[in-house]
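Peer 1: predicted structure and sequence below. I'll ask about it afterward.
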Amino acid sequence: MRSQPNALRGRWRERALLDRLLASVRVRESRSLVVRGEAGVGKTALLEYVAARASDDEVLRAVGVESEIELPFAALHQLCVPLLDRLERLPVPQRDALNTAFGLHAGDVPDRFVVGLAVLSLLGEAAEERPLICLVDDAQWLDRTSAQVLAFVARRLEAEGVALVFAEREASSILAGLPALVVEGLDFQAARALLEDALAGPLDPRVRDRIIAETRGNPLALLELPRGMTPAELAGGFGLPDATPLGDRIERSFQRRVAGMPRATRQLLLIAAAEPIGDPTRLWQAAARLRVDVVAALAGAEDLIAVDARVRFRHPLVRSAIYRVATPKERSEVHRALAESIPDGIDPDRRTWHRAHAAAGSDEEIAAELEASAGRAQARGGLAAAAAFLERAVELTPDPGRRAQRALAA
């Protein structure tokens with residue numbers, strides 16, 4: 001297998017800035033930064049660079065996932081789970097607010113100001129032991145509540161020894177005003193070297209220059225788009241131009257690759273795409289229920305997904321491509337397996353969400369569970385999540401009168 005081209009080729013300016021950020025944190029300063037750029041430009045690679053350089057520090061991660069954008073505190077929960085054993089050290093109002101926000105205890109709707117102070121205190125407590133690096137990828141898909149709390153925290157970091165680094169595609173109002181690093185495409189020389197490293201066969205110089213120009217030096221596009229071209233197109237430039245937007249073209253390239261993979265590999269990738277928490281245990285359990293040979297399946301997907309302490313896709317477009325290329329029946333099977341892998345009483349809202357996406361038609365039992373989940377979400381202050389649960393409940397409700405009531409509540 002050929003080695004993967006260096007995803008950070010030519011990123012000297014960006015790496016220097018991130019190195020300075022890490023140096024600041026290690027002398028007990030705190031820093032926040034928004035890494036901004038289009039899909040595939042290398043934001044995730046830069047976050048991975050920070051994680052690798054911070055091997056002696058504590059690194060926390062959260063990833064915004066499009067399917068969880070309406071679930072309150074979902075991303076914040078991802079980030080803070082490793083620190084929950086420190087909750088008892090917080091002032092009682094802050095501890096109670098986080099316990100309620102994360103569904104650990106019942107209580108009144110938590111004040112978001114108090115939740116923000118609680119997260120700030122929790123990160124500060126963790127940083128007392130060693131510098132703390134918080135990496136938040138795909139911030140454009142954070143649920144609004146988490147985004148507001150994390151932006152609140154980012155603006156109030158002072159001398160805690162905490163770095164909070166976001167990656168987002170476009171400027172957002174929630175993160176406005178925070179220091180930003182705009183990541184652009186590679187220059188011509190770096191783009192040419194990356195493209196030539198990625199290709200084993202001949203490449204016509206005119207085709208090479210056209211690919212670099214059309215991708216604007218976007219590293220992921222440089223690596224993925226040639227995979228969909230025939231040797232004749234690469235060698236001689238034969239073929240019609242594609243006017244599809246760049247992000248769609250990259251995703252379509254991933255879809256072609258996934259469609260040609262063995263069934264077991266596609267199933268495993270679909271399980272990971274449908275379960276955004278990134279918990280390997282759930283991945284293994286759902287795979288076992290579908291009788292997927294995990295070892296064989298992973299062997300064919302190493303360049304698309306990594307599984308260690310967390311399940312991570314090489315790029316967010318891989319996740320969406322995998323989910324979209326699957327048939328409704330395949331998605332239903334995977335959601336059912338994921339629901340069955342969550343024990344009763346553990347994360348009931350996510351279990352219900354998976355059951356709802358596995359349902360083939362009307363189902364009053366699941367609709368009632370969704371209504372209960374909506375109530376819990378609303379109690380935590382997640383109005384958008386409550387509406388999302390109720391909207392799905394409406395789709396599954398067989399009785400017209402009850403369906404109307406749930407629609408009105410949504």
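Peer 2: Okay, I see it. Because the structure is a prediction, the values reported are computed rather than measured. Residues are numbered from 1 along each chain as shown.
Peer 1: what separates stretch 213-227 from the chain centre, distance-wise?
Peer 2: Averaging C-alpha positions (CA atoms, centre = their mean, to the nearest Å) puts stretch 213-227 22 Å from its chain's average.
Peer 1: check which residues of it are buried.
Peer 2: 215, 217, 218, 219, 220, 221, 222, 223, 224, 225, 226 (16 or more other CB atoms under 10 Å). From N, CA and C alone the C-beta is placed, and that goes for glycine too.
Peer 1: now distance to residue 336 and pLDDT too, for those, in CSV please.
Peer 2: Converted to CSV, the buried residues of stretch 213-227 look like this (distance: CB to CB, whole Å; pLDDT from 0 to 100):
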residue, distance to residue 336, pLDDT
215, 39, 77
217, 43, 83
218, 37, 83
219, 37, 86
220, 32, 82
221, 36, 79
222, 39, 81
223, 35, 78
224, 32, 73
225, 35, 69
226, 38, 69
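Peer 1: just those residues now: which is nearest residue 269?
Peer 2: Using CB to CB, residue 224 comes nearest to residue 269 of the buried residues of stretch 213-227, at 15.9 Å.
Peer 1: list the contacts of that closest one.
Peer 2: With contacts defined as CB atoms under 8 Å, 6 or more residues apart in numbering, residue 224 is in contact with 40, 250, 253, 254.
Peer 1: of those, which is the most crowded?
Peer 2: Using other CB atoms under 10 Å as the neighbour test, those are led by residue 40, with 27 neighbours.
Peer 1: can you pull the contacts of the closest residue in space to it that isn't next to it in sequence?
Peer 2: Spatial nearest neighbour of residue 40, excluding adjacent residues (CB to CB, 6 or more residues apart in numbering): residue 220 at 3.0 Å. Residue 220 sits next to 39, 40, 41, 42, 250, 315, 317 when contact means CB under 8 Å, 6+ apart.
Peer 1: tell me the secondary structure of the second one, please.
Peer 2: To tie it back to what came earlier, the one meant is residue 40. coil (DSSP: H, G, I helix; E, B strand; the rest coil).
Peer 1: quick one: it from residue 222, how far?
Peer 2: 9 Å (CB to CB, to the nearest Å).
Peer 1: so where is the stretch 101-250 of the chain shaky, pLDDT-wise?
Peer 2: 200-204, 206, 214, 225-249 (pLDDT under 70).
Peer 1: what helices and strands are in contact with the host helix or strand of residue 329?
Peer 2: When secondary structure is defined by DSSP states H and E, residue 329 falls within helix 328-341. For helix 328-341, the elements it packs on are helix 263-274, helix 280-289, helix 348-358, judged by 3 or more CB pairs under 8 Å, 6 or more residues apart in numbering; DSSP states H and E.
Peer 1: return the most buried member of those helices.
Peer 2: helix 263-274 (a mean of 23; mean count of other CB atoms under 10 Å).
Peer 1: what mean pLDDT does it get?
Peer 2: The average pLDDT for helix 263-274 rounds to 87.
Peer 1: can you give me the angle that helix makes with helix 348-358?
Peer 2: 130 degrees (axes from the mean of the first three to the mean of the last three CA atoms, to 10 degrees).
Peer 1: quick one on the thing from earlier: quick check on the residue nearest to residue 40: phi, psi?
Peer 2: phi -60, psi -40 (degrees, to the nearest 10).
Peer 1: list the buried residues of the strand or helix carrying residue 207.
Peer 2: Per DSSP H and E, residue 207 falls inside helix 205-215. By neighbour count on 16+ other CB under 10 Å, the buried set for helix 205-215 is 207, 208, 211, 212, 215.
Peer 1: quick one: the strands in the protein, in order.
Peer 2: Counting by DSSP state E, the chain has strands at residues 31-36, 58-63, 132-137, 162-168, 180-182, 305-307, 311-313.
Peer 1: so what does the first one touch, helix or strand wise?
Peer 2: Packed against strand 31-36, as judged by 3+ CB pairs under 8 Å, 6+ apart, are the following elements: helix 12-26, helix 43-53, strand 162-168, strand 180-182.
Peer 1: partner strands of the shortest one, with direction?
Peer 2: Each strand that pairs with strand 180-182, with its direction, by DSSP bridges: strand 31-36 (parallel).
Peer 1: any buried residues in the partner strand, and which?
Peer 2: 31, 32, 33, 34, 35, 36.
Peer 1: between the buried residues of helix 205-215, which is closest to residue 114?
Peer 2: Using CB to CB, the buried residues of helix 205-215 come closest to residue 114 at residue 215, 46.2 Å.
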